[in-house]
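Undergrad: Sequence first, predicted coordinates after that:
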Amino acid sequence: MPRRRSPPYVLTASKFFPPMPKSDAMTDTSSCASDAPENRALSAAQARERMMAEVIPIVGHEFVSVRSSLGRILAADIIAPHDVPAHDNSAMDGYAICFDSLSASGETPLSVVGTAFAGNAFSGLVGKGQAVRIMTGAVLPAGADTVVVQEVTRLENGVIFVPTGQRLGQNTRRAGEDLMHGAVALATGKRIGPAELGLIASLGIAEVDVKRRLRVAFFSTGDELSSIGNPLAPGEIYDSNRYTLHGLLTRLGAEIIDMGVVPDQPAALEATLAEAAQVADAIITTGGVSVGEADFIKETLAKLGQVKFWKLNIKPGRPMAFGKVGNAWLFGLPGNPVAVMVSYTQFALDALLRLSGLDPIPERPLLTVQSANVIKKQAGRREYLRGQIVAVDGQWQVKTTGNQGSGVLRSMSEANCFVVLAEDCAGVQAGDAVQVQLFDGIF
């Protein structure tokens, strides 16, 4: 049976998505010759700053049901159509009273004149010397301004005895204390999570105006790549990067266009990039951005569009191209699997979130923990090592996950964080404090 290679789908991508609309925003059509990237490698901070300054959110929106809006980005403010909560209500099971009924010293006897349930309010008035049994969430009866929890009271023959130490307004929730009528409940650019779903539902809103999904085309480059399911010929490897990117972009919530594997041929690469630019907001490539003779991404990008930068002062992931082809932003990631994930999470991800319309872009904290092992490093580059945070004697420590080579994908699978070593770090001893970035929230 003949061996099959994953083809570049340059002639069929338009069957799945219509061409992207032309944009008047792209006025700079200069090539690499007039907009040459710097010869020196950019720092991580410089690269991120330049990327975030360049990209602007996509246009287009749609209305979806509340449940379908999970993970989507709001295209318009959600305005509270009423107060939340809509009425003064009880935060606890207990007794609704008028605070002025209480004695300054000793217990105060109050007559119980009724019961208020959630959804079935007490219709009478709570007068001085009276109390109403009330359940959590029930509307606060007229005349009552305070709730005494049932655990501190004593009930005898329809009379409760309230001890001293109560406070005016305790255990009550006031109308509008969460949201006032007309207030912005959720702002444009907010990503909808589980809490936001509940908040939207609490307002009685059935449909949500969200940004359209970001369209991202991606492909791998290299004659050495073979599709899974085929036996490997000498010198070949299986293409894992497209599967990693499929997972990353699915988690992002993008509409993804897998364009397969493109051989190391300038004409094939040029055709694929041109086709991808017609159907996508962003293009992600893996491989082909270093200085080898068969690495064509930078050269082809300069021919078709713009190169903003192509070299970073980090490890792994030094070769990374950022530029534009037509109206689509291009992220040329390295070919090594770990370098792909580092470059994506540290740089491409935030740019894609900005393109999607997320505002503001969340800053992912670096936490300080103790290193469990020695880490060798030379000063000069920022490094992202794969680590596993574990608790040892009640203290959090991080240990590196074995071989840290940029081609060892297992080091990512066994890790739960990046150990981030700054440019001026010249090595770490066991017990030293290091900074880590948790995977949770970026994958």
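TA: Everything's here; your move.
Undergrad: out of everything not next to it in sequence, what's closest to F331?
TA: What sits nearest to F331 in space, not counting adjacent residues and going by Cβ to Cβ, 6 or more residues apart in numbering, is A348, at 4.4 Å. Backbone N, C-alpha and C define where each C-beta goes, glycine included.
Undergrad: Is it correct that that neighbour is in contact with L333?
TA: Yes - the pair A348 and L333 qualifies as a contact (Cβ atoms under 8 Å) at a distance of 7.0 Å.
Undergrad: Give the residues shared as contacts by those two.
TA: Taking Cβ atoms under 8 Å, 6 or more residues apart in numbering as the criterion, A348 and L333 both touch I284.
Undergrad: When these two are compared, which one has more neighbours?
TA: Under the neighbour definition other Cβ atoms under 10 Å, A348 and L333 were set side by side, and L333 has more, 28 against 25.
Undergrad: any idea how far G317 is from that one?
TA: 8 Å (Cβ to Cβ, to the nearest Å).
Undergrad: Show me whatever sits in contact with both of the two.
TA: The contact sets of L333 and G317 overlap at 339, 343 (Cβ under 8 Å, 6+ apart).
Undergrad: pLDDT score assigned to the nearest residue to H61 once chain neighbours are set aside?
TA: Leaving out its chain neighbours, the residue that sits closest to H61 by Cβ to Cβ, 6+ apart is A75, at 3.7 Å. For A75, the model assigns a pLDDT of 98.
Undergrad: Hmm, K190 and A75 touching each other?
TA: No - when contacts are counted by Cβ under 8 Å, A75 is not listed as touching K190 (10.2 Å).
Undergrad: Walking through the stretch 101-250 of the chain, point out its helices one by one.
TA: Remark: helices of the stretch 101-250 of the chain, listed N- to C-terminal, are 194-202, 241-252; assignment by DSSP state H, counting those that start in this stretch.
Undergrad: returning to that earlier point: the residue nearest to F331 belongs to a helix?
TA: Yes - secondary structure assignment (DSSP: H, G, I helix; E, B strand; the rest coil) places A348 inside a helix.
Undergrad: which residues touch it?
TA: Going by Cβ under 8 Å, 6+ apart, A348 touches 284, 331, 333.
Undergrad: Can you lay out those as CSV showing distance to L168 and secondary structure?
TA: Rendered in CSV, the data for the contacts of A348 read as follows (distance: Cβ to Cβ, whole Å; DSSP: H, G, I helix; E, B strand; the rest coil):
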residue, distance to L168, secondary structure
I284, 60, strand
F331, 59, strand
L333, 61, strand
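Undergrad: so can I have CSV of these showing distance to G405 and pLDDT?
TA: Rendered in CSV, the data for these read as follows (distance: Cβ to Cβ, whole Å; pLDDT from 0 to 100):
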residue, distance to G405, pLDDT
I284, 22, 97
F331, 23, 95
L333, 17, 93
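Undergrad: can you list those in TSV and add distance to A104?
TA: Formatted as TSV, the entries for those read as follows, by distance: Cβ to Cβ, whole Å:
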residue	distance to A104
I284	71
F331	70
L333	72
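Undergrad: still on that earlier bit, now, of the helices of the stretch 101-250 of the chain, which is deepest in the fold?
TA: helix 241-252 (a mean of 18; mean count of other Cβ atoms under 10 Å).
Undergrad: what's in contact with it?
TA: If you take Cβ under 8 Å, 6+ apart as the criterion, helix 241-252 is touched by 6, 214, 216, 218-220, 256, 258, 260-261, 284, 286-287, 333, 335, 337, 340-341, 344-345, 349, 352-353, 356, 409, 443.
Undergrad: what lines up beside whatever helix or strand comes next after it in the sheet?
TA: On the C-terminal side of helix 241-252, the nearest following helix or strand under DSSP states H and E is strand 255-262. Within its sheet, and counting by DSSP bridges, strand 255-262 is paired with strand 215-221 (parallel).
Undergrad: Tell me how far the residue lying closest to R154 once chain neighbours are set aside lies from F99.
TA: Spatial nearest neighbour of R154, chain neighbours left out: F161 (4.4 Å); criterion: Cβ to Cβ, 6+ apart. Counting by Cβ to Cβ, the gap from F161 to F99 is 16 Å.
Undergrad: Same check on P319?
TA: P319 sits 70 Å away from F99 when distances are taken as Cβ to Cβ.
Undergrad: neighbour-wise, which of these two wins?
TA: Using other Cβ under 10 Å as the criterion, P319 and F99 rank with P319 on top: 25 against 14.
Undergrad: hang on, isn't the more buried one packed against V340?
TA: No - counting by Cβ under 8 Å, V340 is not a contact partner of P319; they are 11.4 Å apart.
Undergrad: what sits in contact with each of the two?
TA: Residues touching both P319 and V340 (Cβ under 8 Å, 6+ apart) are P334.
Undergrad: Give me the below-cutoff pLDDT ranges for this protein.
TA: Applying pLDDT under 70 to the chain flags residues 1-39, 289-296, 443.
Undergrad: remind me, longest helix of it?
TA: Taking DSSP state H as the assignment, the helix of the chain that covers the most residues is helix 266-279.
Undergrad: got the angle for that helix vs strand 215-221?
TA: For helix 266-279 against strand 215-221, the angle between stretch directions is 170 degrees (axes from the mean of the first three to the mean of the last three Cα atoms, to 10 degrees).
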